[in-house]
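Undergrad: the following block contains a protein sequence and its predicted model.
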Protein chains: 2
Amino acid sequence: MPCDHHHHCAKEAWQFAEDLCAQKGYRFTDSRRQVFDVLISSHKALTAKEVMKKINNGQPPITYRALEFLTQVGLAHHIASINAYVGCAHHHQEGHVAEFLICTNCHEVEEVDLSSQLSALMVHAKASNFKPQETYVEMTGLCGTCQDS
Amino acid sequence: MPCDHHHHCAKEAWQFAEDLCAQKGYRFTDSRRQVFDVLISSHKALTAKEVMKKINNGQPPITYRALEFLTQVGLAHHIASINAYVGCAHHHQEGHVAEFLICTNCHEVEEVDLSSQLSALMVHAKASNFKPQETYVEMTGLCGTCQDS
DNA sequence: GCTGCAATTGTTAAAAATTAACAATTGCAA
DNA sequence: TTGCAATTGTTAATTTTTAACAATTGCAGC
Ligand SMILES: [Zn+2]
Ligand SMILES: [Zn+2]
Ligand SMILES: [Zn+2]
Ligand SMILES: [Zn+2]
């Protein structure tokens, strides 16, 4: 049971997503809702294939387009190290950076805000005259539950 | 010209690789050498396909196996955010963590040791009883050269 | 209400990336 | 030299992602 407050999470996430899309004028269409639902119904990172399976065998283009949309508007994150996606309903500021703790056994993902500790990562970029676009901080390992099993 | 000291780099890298393999008893075979050579001859991250092209159209299995070997013994790193590989000849301690600054334009990669600033990343893991395996800290963006062009 | 246009979807299929399977070969130690 | 484990060579399958284009939808202006 990775998350006891799960239903609560999901409900708040939906509210957040609705508001975000309404406010920004994004079209929160059926296929996008379906994919968001699949992601947000779990704290695990799901591959595109896993998402498709859960949506009545959704066709790849539709799923990939929805995943891209959600990622771009901030309702999901792409976890590069395992090539999977996780839903998100946090309010992220521009330039925000998160750290993801990814269990390699159950694929549960914990998202942690790194904004306040970002300088350690940025100092090298600045010293190298590097202009950052995206930052990925991912840590794979075993969550507490999976260490015991 | 991303690296003026390039030939120097490559020579030292070869020495390092030879020593490492000899010392640890790894077999530094031809195909592994070829892939290492391709990677270390550049400071850019190369996809598996790019590596294959440079090796007289090497067959996928051979290239993937060599990349896996090099990655596991520490002579290369997998850059998850762009799904590419970069050669490495640094002496990494166990549990070492590096930050990669990856230019999205030219794919030049700068590797920075993060060991001394690691606590910021680890504090959340410890608080969550998360047992880390691999850590990816990757920042995509534009290198100094590519900002000017 | 219609009309036109941009955004999104549905559908088919291709392309790209990765891996499986297994035979052939190599390196090395007994 | 014999045996065995590691590695390679080869073919082909599987998985993942994208291209292409027609059909549909949502919405603004008439
Ligand atoms: Zn988030
Ligand atoms: Zn777990
Ligand atoms: Zn390194
Ligand atoms: Zn560049």
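TA: Noted; the coordinates are in hand. Numbering: from 1, shown residues only, chains lettered A, B, ... in the order given. Ligands and ions are numbered 1, 2, ... in the order given.

Undergrad: C-alpha only now, for contacts and for neighbours.
TA: OK.

Undergrad: list the neighbouring strands of the longest strand seen in chain A plus their orientation.
TA: Using DSSP state E, we find that the single longest strand of chain A is strand A:131-142. Within its sheet, strand A:131-142 is paired with strand A:98-103 (parallel), strand B:131-142 (antiparallel), according to DSSP bridges.

Undergrad: return the most buried member of the ones you listed.
TA: The highest average neighbour count among the strands paired with strand A:131-142, using mean count of other CA atoms under 10 Å in any protein chain shown, belongs to strand A:98-103 at a mean of 25.

Undergrad: which strands border the very next helix or strand once past that one, and is each parallel or antiparallel?
TA: On the C-terminal side of strand A:98-103, the closest following helix or strand by DSSP states H and E is strand A:109-113. Note on strand A:109-113: by DSSP bridges, its sheet partners are strand A:98-103 (antiparallel).

Undergrad: one step back: is the longest strand of chain A in proximity to ligand 4?
TA: No - counting by CA under 5 Å from the ion, ligand 4 is not contacted by strand A:131-142; separation bottoms out at 10.1 Å.

Undergrad: so how far is that strand from its chain's centroid?
TA: On the basis of CA atoms, centre = their mean, to the nearest Å, strand A:131-142 sits 12 Å off its chain's mean C-alpha point.

Undergrad: turn the strands paired with strand A:131-142 into TSV, columns for mean pLDDT and distance to B:H96.
TA: Output for the strands paired with strand A:131-142, formatted as TSV (pLDDT from 0 to 100; distance: least, CA to CA, whole Å):
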stretch	mean pLDDT	distance to B:H96
strand A:98-103	95	17
strand B:131-142	94	9
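
Undergrad: let's have those in TSV, adding distance to A:E50.
TA: Output for these, formatted as TSV (distance: least, CA to CA, whole Å):
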stretch	distance to A:E50
strand A:98-103	17
strand B:131-142	23
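
Undergrad: so which of those strands comes closest to ligand 2?
TA: Closest to ligand 2 of the strands paired with strand A:131-142, according to CA to the ion: strand A:98-103, at 4.6 Å.

Undergrad: flag the shaky bits of chain A, pLDDT-wise.
TA: Counting by pLDDT under 70, chain A shows low-confidence ranges at A:1-6.
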